[in-house]
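Asks: Predicted model and sequence follow; I will ask about them next.
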Amino acid sequence: MFDASFRYLFATEDWRRTVGGLTGLCSIPLGEFYFGTVAYDVADRWPIFGHSSDHAAQSREGFERAFPVLLSIYDGDREALRAASHPVFSDLIDDLPDSPTRLASTYQQTSASAWGIDMGNWITYLPVRDGDGVVIGYVRFTTPAAGMSLVGTVASGGDVRHLARVQDVVTADRRPAAILFADLEASTTLSRTLSTTDYFNLARRLVRAADQCVVDAGGVVGRHLGDGVTAFFLAETIGGESRAARSCIEAARSLREALPTIAARSNLDPDEVVFRFGLHWGSTLYVGLIKSIARSEVTALGDEVNEAARIEACAKGGRTLASKSLVERLSRQDAKDLGIDGVSYTLLGDLEGATDKARRDAATISVCDV
């Protein structure tokens, strides 16, 4: 929101978080002319422009669209407008024609991009008038290029808690976390014995249940690999290392408890729907959001991710194997609450049925059943 002289009055937290690159609330230069040097220099430091194409191009596009209003504010005096504006707009002040102001001005941005994606946001300027019809300020609205039906489909289909957690990892960084890998055992047999429709419905039920268990436990859902699930429980956002490790174990247990119901809904015996679980701790995970024009997903890179996959592959028969490095992140009370205090460990390479990859890549990792 701006006053009658187009000076900053207010910005919503959602807008400040967006231009803050989803990493925090950006500062706004209250009382400064929106297109002035001070405001422009403040905006130039907003994190969103560290991810986008051209701050100057976006600002010039906005100045051009708002020019009739700006010129009217300065009573048609272009030199006065030039003196109040940042030099990046000087040529526009010379070249843009006089034109009448409108009750509202709406345009679709052509210069806005973020994370390499053209945004195409819609911008609307509305004047605010007092009871006598005098303009006392302006409101600027930004709406996405997608219509509300699409936005509603995406937002209503997701858990708000998870959507908020994803915002915490928009910028990739090192983030210690508990790692959960889970995969359907004997999936090849099921895919061949069930009709394609029935197998698809089974996979959908499993993915939905897995995601719900992860979100309810405070985690972030990672990539879905076939019938497999990955998830991360970040120490920095969930309340510390013990809380992250405990939540990872609780998510695995919740999913394991949900499997008989999923089997029954799929007209299968409980012993036909079995998951392997591998839980591990990642001290040096590099976690972030990968965005493209078609999708966005949280992913993590690091040796511990590969090790978690090796642990899961060895958890045959529906076992839930957790590494020593994860279990020993638990506080004494959390371990007691989970009923896994005083456990003993086995080297992954010594497990009966350990895979060749596990023996090659992670043989010396200590694991136990949880």
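Replies: Cool, the structure landed.

Asks: So, low pLDDT: which residues of the stretch 51-200 of the chain?
Replies: Low-confidence segments of the stretch 51-200 of the chain, defined by pLDDT under 70: 51-53, 112-117, 151-157.

Asks: To clarify, my last question referred to the stretch 201-350 of the chain.
Replies: For the stretch 201-350 of the chain, the ranges with pLDDT under 70 are 293-294.

Asks: Please enumerate the strands of it.
Replies: 220-225, 228-234, 275-282, 286-291, 296-301, 320-323, 346-347 (DSSP state E, counting those that start in this stretch).

Asks: From residue 364, how far off is the residue nearest the centre of the chain?
Replies: Most central in the chain under Cα atoms, centre = their mean is residue 166, positioned 2.5 Å from the mean C-alpha point. Distance check for residue 166 against residue 364: by Cβ to Cβ, to the nearest Å, it reads 34 Å. For glycine as for every other residue, the C-beta is placed from the backbone atoms N, C-alpha and C.

Asks: about what we covered before: take the strands of the stretch 201-350 of the chain and write them to CSV, including mean neighbour count and distance to residue 248.
Replies: Converted to CSV, the strands of the stretch 201-350 of the chain look like this (neighbours: other Cβ atoms under 10 Å; distance: least, Cβ to Cβ, whole Å):
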stretch, mean neighbour count, distance to residue 248
strand 220-225, 18, 11
strand 228-234, 27, 5
strand 275-282, 26, 5
strand 286-291, 17, 14
strand 296-301, 18, 13
strand 320-323, 26, 8
strand 346-347, 16, 20
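
Asks: Show me the contact partners of stretch 203-214.
Replies: Outside stretch 203-214, the residues within contact range by Cβ atoms under 8 Å, 6 or more residues apart in numbering are 159, 162, 180, 182, 184, 220-221, 224, 227, 229, 231, 251-252, 254-255, 258-259, 262, 265-266, 273.

Asks: What subset of these is buried?
Replies: Neighbour counting by 16 or more other Cβ atoms under 10 Å classes 162, 180, 182, 184, 220-221, 227, 229, 231, 251-252, 254-255, 258-259, 262, 266, 273 among those as buried.

Asks: can you count the residues close to residue 344?
Replies: 7 (other Cβ atoms under 10 Å).

Asks: who's in contact with it?
Replies: With Cβ under 8 Å, 6+ apart, residue 344 has these contacts: residue 368.

Asks: just to revisit the earlier point, so which of the contacts of stretch 203-214 are in helices?
Replies: 162, 251-252, 254-255, 258-259, 262, 265 (DSSP state H).

Asks: ok, of these, which one's closest to residue 80?
Replies: Closest approach between the ones in helices among the contacts of stretch 203-214 and residue 80, by Cβ to Cβ: residue 162, at 50.5 Å.

Asks: And that closest one, how close does it get to residue 334?
Replies: Residue 162 is 23 Å from residue 334, by Cβ to Cβ.

Asks: Also residue 80?
Replies: 66 Å.

Asks: who's more crowded, these two?
Replies: The neighbour comparison of residue 80 against residue 334 (other Cβ under 10 Å) goes to residue 334, with 18 against 13.

Asks: Please verify my assumption that that one contacts residue 240.
Replies: No. At 10.0 Å, residue 334 does not count as touching residue 240 under the criterion of Cβ atoms under 8 Å.

Asks: What lies in contact with the helix or strand residue 39 falls within?
Replies: Using DSSP states H and E, residue 39 sits within helix 37-43. The contact list for helix 37-43 (Cβ under 8 Å, 6+ apart) reads 8, 19, 27-29, 32-33, 49, 55, 59, 85-88.

Asks: domains of the chain?
Replies: The chain breaks down by automatic domain parsing into domains covering 2-149, 158-369.

Asks: Quickly compare the ones you listed and say which is most buried.
Replies: Across these, averaging neighbours per residue (mean count of other Cβ atoms under 10 Å) puts domain 158-369 on top, at a mean of 18.

Asks: okay, how far is it across that one, tip to tip?
Replies: 32 Å (Cα to Cα, to the nearest Å).

Asks: OK, contacts around the spatially closest residue to residue 31 that is not a sequence neighbour?
Replies: Nearest residue to residue 31 in three dimensions, chain neighbours excluded: residue 7, at 5.6 Å (Cβ to Cβ, 6 or more residues apart in numbering). By Cβ under 8 Å, 6+ apart, the residues touching residue 7 are 31-34.

Asks: out of those residues, which one sits closest to residue 2?
Replies: residue 34 (5.9 Å).
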